[in-house]
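A.B. asks: I would like to see how this sequence folds:
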Amino acid sequence: MEAETVLPERAADQAADEATIAVTELYRGHALGLMRLALVMVGDRVTAEDVVQDAFIGLYRRWSRLRERDKALTYVRSAVLNGCRTALRRRGRPFRGEHLPPVWSAEAAVMVGEDRREVLAALHRLPARQREALVLRYFCDLTEEEIADAMRVSRGTVKSTTSRAIAALGRILEEEL
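C.D. replies: Purely as a prediction, here's the structure:
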C-alpha cells in the first residue's frame, strides 16, 4: 500500500524537477532577448520585466501539458507578445515614449540614440500587428516561419504585414523630416 502512495509523489517530484530544469535553461538562454522585445513593444522596463516573468511562469505552470516541448521558446515568445498587447491595452493610450527611464544605462543609451528614438516613436505609430512583425523580423532577427509561429499567423501574412509595415514606417519617417 505504501509503495502506491510513494510512486505518484515521486513522479510528481520528477515532473516538477524536469520543468524547473527546462524552464530555467530556457530562461538563461532567452530572457534577455525576450526582455528587449518586450521593452521595444511596451516602452518601459518595469512592464517589460513583468511581461517576460509572467510568460516564463506560465510556461512553468503548463509544462506538464505542453505537447511539443521543443517549441517552448515559441510558446514563451507568443506569451510575451500577448502580454505586451495586454499591457498596452490596460495602459489605455498608445506608447509615446514617455515611459522611457529618466536615467539611461550604458546599454539603453546605445540602444536608444536620437535616431533610434525617432524610429521607435514612428514604430509605435504603426498598428500593433505591423509593429510586432517589424520588431520580430529586424530587432529579434527571426525568420518568417518563427515570426508566423510567434504571432500565430501564416507566413504569407507575415510577408504582407512586414511589407506594409515597412512602407508605412517610411511614410511616417518622411512626414517627420
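A.B. asks: So, low pLDDT: which residues of this protein?
C.D. replies: Within the chain, the ranges that satisfy pLDDT under 70 run 1-15, 93-115, 177.
A.B. asks: Kindly report the domain assignment for it.
C.D. replies: Split into domains by automatic domain parsing, the chain comes to 1-99, 106-177.
A.B. asks: Please tabulate those domains in a markdown table, including the columns mean neighbour count.
C.D. replies: To be clear about C-beta, it is placed using only N, CA and C from the backbone, and glycine gets the same treatment. Shown next, in a markdown table, are these (neighbours: other Cβ atoms under 10 Å):
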| stretch | mean neighbour count |
| --- | --- |
| domain 1-99 | 15 |
| domain 106-177 | 16 |
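A.B. asks: Next one: the closest residue to residue 84 other than its chain neighbours relative to residue 35, how far apart?
C.D. replies: Of all residues not flanking residue 84 in the chain, residue 41 sits nearest, at 4.0 Å (Cβ to Cβ, 6 or more residues apart in numbering). From residue 41 across to residue 35, the span is 11 Å (Cβ to Cβ, to the nearest Å).
A.B. asks: re earlier: report the contact partners of the residue nearest to residue 84.
C.D. replies: Residues near residue 41 by Cβ atoms under 8 Å, 6 or more residues apart in numbering: 48, 81, 84, 88, 131, 132, 135.
A.B. asks: overlap in contacts of residue 41 and residue 35?
C.D. replies: Jointly contacting residue 41 and residue 35 under the rule Cβ under 8 Å, 6+ apart are residue 48.
A.B. asks: For residue 117, give me phi and psi.
C.D. replies: Backbone torsions of residue 117, given as degrees, to the nearest 10, read phi -60, psi -40.
A.B. asks: From residue 123, how far out is it?
C.D. replies: 10 Å.
A.B. asks: about what we covered before: can I get the contacts of residue 41 in a markdown table with distance to residue 62?
C.D. replies: Shown next, in a markdown table, are the contacts of residue 41 (distance: Cβ to Cβ, whole Å):
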| residue | distance to residue 62 |
| --- | --- |
| 48 | 22 |
| 81 | 17 |
| 84 | 19 |
| 88 | 24 |
| 131 | 27 |
| 132 | 22 |
| 135 | 25 |
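A.B. asks: Let me have those in CSV, extended by distance to residue 25 and secondary structure.
C.D. replies: Output for these, formatted as CSV (distance: Cβ to Cβ, whole Å; DSSP: H, G, I helix; E, B strand; the rest coil):
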residue, distance to residue 25, secondary structure
48, 21, helix
81, 22, helix
84, 24, helix
88, 30, helix
131, 30, helix
132, 26, helix
135, 25, helix
